[in-house]
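Colleague: Coordinates for the following, if possible.
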Amino acid sequence: MKVRGWISILKTAVLLFCVLPCSAFCQDPQPVTFLPQWTPQAQFAGYYVAIKKGFYQRRGIDLHLLAGGPDSPPADMLLRRKTDFTTMFLSDAIKLRSKGADLVNVAQIGQKSGFILVARKSSGIFSPKDLNGKRVSLWSDFQIQPLAFFRKYQVQVTIIPQTYTINLFLQGGVDAACAMWYNEYHTLLNSGMNADELTTFFFDQHGLNFPEDGMYCLSETLKKDDRICRNVVGASLEGWQYAFDHQVEAIDIVLTYAREANVGTNRVHQRWMLDRIRDISMISGRNTPMGTLSPDDFKTVASELKSGGMIDDIPNFSEFYAPCLDDSR
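Modeller: Numbering: from 1, shown residues only. Next comes the predicted model:
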């Protein structure tokens, strides 16, 4: 064959390599399961966006999203190997690790606590001391922060069980209630209450910062192939950045997932939630980028868990936190 013929074949091969998708030359995407800890909402927008925009696929991950909610407890699903990755509150993960669960934090999404106490000013509550003798509703699973808050200010309250709604507070059954800044607090505003009628206690402003949502897997998953963990985390963080930068598109994606799961919500509430998740995940002036777990925050949470009798021993930070972050970020 003449040289000209070989050159023509070579050009054709190069052209095919450039135009065909990577899957034609690369290995098949790695199947991975991922469980958000609750039903579809903007609290998990970054993961939904990363799926829809193909960020996981581009990194060689075929991510299958599992349905979160009360029927799929994240810790149980992870430890029973029903999911490869899940999201979980830092305090819950520390408690599990201290009891021998071999899970690891591969990325800390939230950098600041979104957990607050909200009270009516009409109940005479303006400062922590004013809570003394009041009726306060608390979630059974998230009491360590408010109880530490009460101990710090030496107040005695009557604790009333709080359900998934904020209705008891709205009906005047309690003087104060727990809420998430990105969720229940906005529900109160949408229910007709004005912000200036309320006193809010942000725990992070009282030395009790408990960062919440982080990404977790089992140690064995990380040891088996840390590249999978890095690709899952990298795509997730890319999804979060895109969601914060393209909020209208991100909310459209969240609402699609919510409709598919028959979750009642609306665009205004989900926009509020995404704004607040950005506020607690990307904190200006703090040298802790999203994805990073601060040793000081870990120590604060673990110490309060131990003081409250929730754990006997504080886990080793270097064994608990195994960051799978892209070094080029």
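
Colleague: buried residues in stretch 201-211?
Modeller: Neighbour counts using 16 or more other C-beta atoms under 10 Å place F201, F203, D204, L208, N209, F210, P211 of stretch 201-211 among the buried residues. No exception for glycine: its C-beta is placed from N, CA and C like everyone else's.

Colleague: Which ones among those lie within strands?
Modeller: When DSSP state E defines the strands, the subset of the buried residues of stretch 201-211 inside them is F201.

Colleague: What is the nearest of the buried residues of stretch 201-211 to D84?
Modeller: P211 (22.4 Å; C-beta to C-beta).

Colleague: quick one: secondary structure of the nearest residue to the closest one once chain neighbours are set aside?
Modeller: If you skip the residues right next to it in sequence, P211 has G110 as its closest partner in space, 4.7 Å away by C-beta to C-beta, 6 or more residues apart in numbering. Classification of G110 using DSSP: H, G, I helix; E, B strand; the rest coil returns coil.

Colleague: Quick check on G110: phi, psi?
Modeller: Phi and psi for G110, reported as degrees, to the nearest 10, are phi -80, psi 130.

Colleague: Correct me if wrong: it contacts D213.
Modeller: Yes. Applying C-beta atoms under 8 Å as the test, G110 and D213 come out as touching, 4.6 Å apart.

Colleague: Can you spell out which residues form a bridge with the spatially most central residue of the chain?
Modeller: Within the chain, one residue has its C-alpha closest to the average C-alpha position: by C-alpha atoms, centre = their mean, that is D213, at 2.8 Å. Beta-bridge pairing for D213 (DSSP bridges): F89.

Colleague: what about the residue lying closest to M193 once chain neighbours are set aside, distance to L63?
Modeller: Spatially, and ignoring its direct neighbours in sequence, M193 is nearest to L170 (7.7 Å; C-beta to C-beta, 6+ apart). Look at L170 and L63: by C-beta to C-beta, to the nearest Å, they are 38 Å apart.

Colleague: One more: H186?
Modeller: Separation of H186 from L63 (C-beta to C-beta): 29 Å.

Colleague: Give me the more crowded residue out of the two.
Modeller: Between H186 and L63, counted using other C-beta atoms under 10 Å, L63 has the larger neighbour count: 23 against 20.

Colleague: CA atoms only for stretch 53-61 - export them in CSV, please.
Modeller: The C-alpha coordinates for stretch 53-61 follow below in CSV (Å, rounded to 0.1, in the frame of the first residue of the first chain):
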residue,chain,number,x,y,z
LYS,A,53,-25.7,16.8,34.1
GLY,A,54,-23.8,13.6,33.6
PHE,A,55,-21.0,14.5,36.1
TYR,A,56,-20.9,11.0,37.6
GLN,A,57,-21.0,9.3,34.2
ARG,A,58,-18.2,11.5,32.9
ARG,A,59,-16.0,10.2,35.8
GLY,A,60,-16.8,6.6,35.1
ILE,A,61,-19.6,6.2,37.7
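
Colleague: Let me see the residues that make contact with that stretch.
Modeller: Counting contacts by C-beta atoms under 8 Å, 6 or more residues apart in numbering, the residues outside stretch 53-61 that touch it are 26-27, 29-30, 32, 49-50, 62-63, 228, 231-232, 234-236, 238-239, 242.

Colleague: again, only this time at 6 Å
Modeller: Surrounding stretch 53-61, the residues in contact under the criterion C-beta atoms under 6 Å, 6 or more residues apart in numbering are P29, Q30, V32, A50, L63, N231, V232, A235, E238, G239.

Colleague: Might one say that the residue nearest to P211 is in contact with G214?
Modeller: No. Under the criterion of C-beta atoms under 6 Å, G110 lies out of contact with G214, with a separation of 7.2 Å.

Colleague: In this structure, what residue spans correspond to helices?
Modeller: When secondary structure is read from DSSP state H, the chain shows helices at 3-19, 45-52, 55-58, 74-79, 90-98, 144-153, 167-170, 184-190, 219-224, 226-245, 247-260, 267-281, 295-307, 317-320.

Colleague: Among those, which comes closest to N132?
Modeller: Using C-beta to C-beta as the criterion, the shortest distance between N132 and these is 8.4 Å, found for helix 144-153.

Colleague: Report the inter-axis angle for the closest one versus helix 90-98.
Modeller: An angle of 100 degrees separates the directions of helix 144-153 and helix 90-98 when computed by axes from the mean of the first three to the mean of the last three C-alpha atoms, to 10 degrees.

Colleague: how about the CA coordinates for helix 144-153, as CSV?
Modeller: Output of helix 144-153 as CSV, limited to C-alpha atoms (Å, rounded to 0.1, in the frame of the first residue of the first chain):
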residue,chain,number,x,y,z
ILE,A,144,-27.7,16.6,72.0
GLN,A,145,-27.3,20.2,70.6
PRO,A,146,-30.3,21.8,72.4
LEU,A,147,-29.5,19.9,75.6
ALA,A,148,-25.9,21.2,75.5
PHE,A,149,-27.3,24.7,74.9
PHE,A,150,-29.5,24.4,78.0
ARG,A,151,-26.6,23.2,80.1
LYS,A,152,-24.4,26.0,78.9
TYR,A,153,-26.9,28.6,80.0
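
Colleague: Perfect, I'm done here.
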